[in-house]
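S.K.: got a predicted model here, sequence first, then my questions.
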Amino acid sequence: MKSIQLSLLLTCLALLAGCDRVITVAPVAYDGVVSIQSLITPGQIATAYVFRTVPYFDASVSSNQLVIRTATVILIDGENRETLRLDSTFNAVRCEYDYYFKGQRLVRPGQAYTLTVQVNGQTFTASASTNQRKATIDSIGYTSSYRDVYGEHEGVLVTFTDPVGVGDYYRYQMNRVIPDTVIRAETVISPCSIGKTTYVQEVGRSVYEDRNTDGTRQQIAVEPAFKHKRGQEAYIKLLTVDRNTFQFYDNLDRQKLAQFNPFVEPVYISKPGQFGAGAIGVFGAYAISDSVRFVYHE
Amino acid sequence: MRCLFLSLWLLPSLLLAQSRITVSGYVRDARTGEALIGATVYAPLQKVGVQANAYGYYSLSLPQTADTIRVQASFIGYTTRVEKLTAQTTQNLTLALTAENQQLNEVMVQATASDDHVQRPQLSAINVSMKQIRTLPMIAGERDVLKVIQFLPGVQSGNEGTTGFFVRGGNIDQNLVLLDEATVYNPNHLFGLFSTFNVNALNSVNLIKGGFPAQYGGRLSSVLDITMREGNRYKFSGEGGIGLISSNLTLEGPLQRGKSSFIVSARRSYLDLLLKPFQSGGNSTNYSLSDLNAKLNYELSKRDHLFVSLFNGQDRAAFTGASSLNYGIGFGNRTATFRWNHLLGQKIFINTSLLYNDYHLSLSTTQGNYYALLYTGIRDWSAKSTLEWYPSPTHQIKAGLQWTEHRFAPSSYSAKVPRKGNSLTLQPDSLRYNYAQESAFFVNDEWRLSDKVAVSVGLRVPVYSAGGTTYARLEPRLTAKYAFSPQLSMKAAYTEMNQFLHLVPNSTASLPTDIWVSSSPVVKPQFSRQVALGLFRSVEGNRYELSLEAYYKTMQNQVLFKQGTQLLFDTNIDTQLTFGRGESYGLEAFVRKNTGRLTGWLAYTLSKTTQTFADLNYGQLFPFTYDRRHVLSVVGTYELSPRWVLSANFVFNSGGAYTLPAGRVPVYSDGSLYDGTYYDYTSRNNTRFRAYNRLDVSAIYRKKRHLWKRAYESEWVFSIYNVYSRLNPYFIYLTTDPTTKQPQARQVSLLPIIPGVSYNFKF
């Protein structure tokens, strides 16, 4: 009888235990490609992030390790040619330096630009035009609970009117200073920001198009990336982005959602992209609306 | 014109039949009266034989060459019986065979198993004896039909913990599982640990992987035809078992001795009760399964026989874990079959059936920050009539009609878990159902052209209507056999199959989030062509059975979800699907020892299966998720003594395929909610799980005992599942170390070593 009891116990424990462990996966053959992201807007200095993609389990994880320092990044605007220089800014949220290539001249409106990136003898080129219409934000609101396809959460409500004519694409941006106690929605506080306030420029998760809402007044609800305190103020802007920017970030958004959700087929990054077969990325332009001050009332 | 052709074709047979003797009847177990499905009835002098049908019925036409004739009936595990008859024109003869283990010791039991696998024009079909299934070790001492099926060549299980089985590169939905003719859409209990079939209630299990006879259709890859027992016709008896996970009880007996009987078999698990004391605050599990099989048969007359079969299998589970995976699930199958056997003379056997089956799956699961809801169900009403005609020893003709109404309820939803408030719920009552009609006509002739050459030629004509679209198809079936000798033959088969129901699997989900959808104007029927070629050999009077088969199969209109599909509350799932084609080819070797103290088999499959979808993997070819190059199974049972039986099985599968990003793409101007790391997928299913292997062993101790002066048979079953506790992969997921930010792969395994003990009794 004792043996039966023991067997019972062992079986139950075995079924409960299972196993979840880190494993070593044989690396998949992968030749890194160049990853380029450069978004320009009139009145600001052009920047470009140029990195090398690495095998998935590669030990290089930081911007410092991934940036291609030897890249030559050139921005051409008609007759003007500017070489962007490597620069960095400390990112308190990520707790590391962000590396990027930066120009010195302000980007001009209504101008066609060409970005050329040369890496190890390879040249990648893409074009963008700073001809987007500035959006006008009609009003800003807040809801503590709204439901979209991604679930139920708080949201900042941005109301604006889309001009007539299909082909407008939007992205949300909120600038604010946040204390370390509310730095992350997931309650992960960056060790670099403890005891400090941090200026953050939040970019919305989704990009929007007006294919089915052309010329109408519309409202988007955006889930903030960081928590807030009552009375905190923020400045909301609406970016009017070009088609390439929309397509690139929409693709990334769908992939990220598929990564998070184990019940969804994986989404590949569309290839070839704007830079051709040898590089992943985007060179795009956008216009920024006037900012609207917003105060969290709850 | 066709009727004229048919008449001319059969005329010689009909004329010859006038000078023949016809012996017909049933082959049954002498002790219980159970039909012995597939038993061989053979006239050795005339060298003519037939096989008993699914009801044990046979009809044998013989030339009248002498005043007496001899008829010999044989069946694996039974002593061959020889009957000497006077040569009357027609004779009704029930052949009762005695099982080997009921013989007195001094009686020599011959190895008289039928060599049908060599002689019949049937390819890629394997019958597994219930005796073998009862002795093989399974999880915690539970016997299981589907686990044994997975040891056959060309068949493989999914990853540990996934349900179903995969045949010749086909998905799990491509297997037609029939229980007394009723379709069982999900033959598994949760995680595929057990099948829904209670072994005590089953009579026969037959798997067909290719060369499908025309009476079967609606699936591309296999037919698993399971027949329930009818119950003891002569005396009341019972058997049961008490195991670690479940207990079962089967009662059977005559309603009218020799003419009618019943059988009721029930199983219920109590894992939920056992686990309760061991559950911590962070983890809680609640799981129960139950099965109920019942069958009633009544012999109205010598020519008419009625059967009613019922089956109900249910699973209910909930798991709340401190870690990543939580789920609540409930699913089940219900089937009901009403059948009427009618004999028209001695050469025509008609079976008419009314069938009902209902399958539903309700799932809510949370993994990471996401949850998914699913409700999927199919309810069918069917009517079917099959005529079996034995005009001469050279022809066995089957023809029939069937009609089915399907009702579908596909709906699912996946979303991020809300920070506040409740997740959404699905209400089955509020779902919109879709309906479809499926009918088919078929005719098949098993035609023996000479001692060496035989063919099985058939045609099936399925017609399917749904959503205002009708699909009508022609499915030719052809199998040919050439016998080099009575012990060696070569066979070839060509089949075309259509499948109108589709199970849409999700490549990344680890729980059974599968959704059944109907063919429609958007979803075209799946279609396959299969060619198979095989060599078949029997040795020492079929003590050993050997086969070597090669197959090549193409599959059209295979179904997957589009990449990134986020399912919403929507029954119109058609628009979320993408379609492609598949290709599978392989070589299967099978050696089986049928008789003696040691029985069992060795099966090896070498195969490759690929798929191509225009919308997935950049349109490039990729391996099927369950593409496994090598699958080896070894199964053995050894009767050490009249009391002790030892069994073992070993399985080795090359790892299945899954998708891993090849590269990591840093992006520094993405949404702030994200972590700036994206995946560069270079190809789908580009990585392999570790190889799967496992050894299970069991020992059975049998003894006759007495209780209240009444004898009964008892047996203790001791088993160990996964003897060396190999942690086979269930699924793999990717994470990032929060400190080092280094990406990691984590493997979840389900079943380590599991000892088991159960006690069975029979009275």
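M.R.: Sure, I can see it. Residues are numbered from 1 along each chain as shown, chains lettered A, B, ... in the order given.

S.K.: okay, CA-based contacts and neighbour counts for the rest of this
M.R.: Will do.

S.K.: how about the CA coordinates for stretch B:482-499, as CSV?
M.R.: This file holds the C-alpha atoms of stretch B:482-499, laid out as CSV (Å, rounded to 0.1, in the frame of the first residue of the first chain):
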residue,chain,number,x,y,z
TYR,B,482,1.0,-8.9,-58.1
ALA,B,483,2.0,-12.0,-56.1
PHE,B,484,5.3,-13.5,-56.8
SER,B,485,4.4,-16.3,-54.4
PRO,B,486,1.8,-16.8,-51.7
GLN,B,487,4.3,-15.2,-49.3
LEU,B,488,5.5,-12.4,-51.4
SER,B,489,3.7,-9.7,-53.3
MET,B,490,4.2,-6.3,-54.7
LYS,B,491,1.5,-3.6,-54.6
ALA,B,492,0.9,-0.2,-56.1
ALA,B,493,-1.8,2.3,-55.4
TYR,B,494,-3.0,5.6,-56.7
THR,B,495,-5.5,7.7,-54.8
GLU,B,496,-7.1,11.1,-55.1
MET,B,497,-8.7,12.6,-52.1
ASN,B,498,-10.6,15.8,-51.3
GLN,B,499,-11.1,17.4,-47.9
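
S.K.: what average pLDDT does that stretch get?
M.R.: The average pLDDT within stretch B:482-499 is 95.

S.K.: if I've got this straight, B:Leu146 is in a helix?
M.R.: Yes. Under DSSP: H, G, I helix; E, B strand; the rest coil, B:Leu146 sits within a helix.

S.K.: check the spatially closest residue to it that is not a sequence neighbour and give its pLDDT.
M.R.: Leaving out its chain neighbours, the residue that sits closest to B:Leu146 by Cα to Cα, 6 or more residues apart in numbering or on different chains is B:Ser195, at 5.8 Å. On the pLDDT scale, B:Ser195 is placed at 83.

S.K.: likewise for the one 3 residues further on?
M.R.: Among the per-residue scores, B:Asn198 holds a pLDDT of 85.

S.K.: with B:Leu152 instead?
M.R.: 92.

S.K.: could you do B:Asn542 as well?
M.R.: Among the per-residue scores, B:Asn542 holds a pLDDT of 83.

S.K.: measure the residue nearest to B:Leu146 to B:Asp358 for me?
M.R.: Plainly put, B:Ser195 is 17 Å away from B:Asp358 if you go by Cα to Cα, to the nearest Å.

S.K.: ok, which stretches of the stretch 151-298 of chain A are helices?
M.R.: Remark: helices assigned in the stretch 151-298 of chain A by DSSP state H, counting those that start in this stretch are A:243-260.

S.K.: point out where the stretch 51-200 of chain B drops to low pLDDT.
M.R.: B:101-114, B:138, B:140-141, B:161-163, B:190-192 (pLDDT under 70).

S.K.: just the strands from it, written as ranges.
M.R.: With DSSP state E, counting those that start in this stretch as the criterion, the stretch 51-200 of chain B has strands at B:57-63, B:68-74, B:81-86, B:90-92, B:95-97, B:125-128, B:155-157, B:165-167, B:175-179, B:182-183.

S.K.: partner strands of the last one and their direction?
M.R.: Each strand that strand B:182-183 pairs with, and the sense of that pairing, follows from DSSP bridges: strand B:175-179 (antiparallel).

S.K.: contact partners of the partner strand?
M.R.: Residues from elsewhere that reach strand B:175-179 (Cα atoms under 8 Å, 6 or more residues apart in numbering or on different chains): B:166-167, B:183-185, B:187, B:218-228.

S.K.: repeat the analysis, applying 10 Å as the threshold.
M.R.: B:164-167, B:182-187, B:197, B:202, B:205-209, B:216-228, B:309-311, B:335-337 (Cα atoms under 10 Å, 6 or more residues apart in numbering or on different chains).

S.K.: can you get me the start-to-end distance on stretch B:137-145?
M.R.: Taking Cα to Cα, stretch B:137-145 runs 11 Å from one end to the other.

S.K.: which one of the strands of the stretch 51-200 of chain B lies nearest to B:Leu344?
M.R.: Nearest to B:Leu344, of all the strands of the stretch 51-200 of chain B, is strand B:57-63, at 11.7 Å by Cα to Cα.
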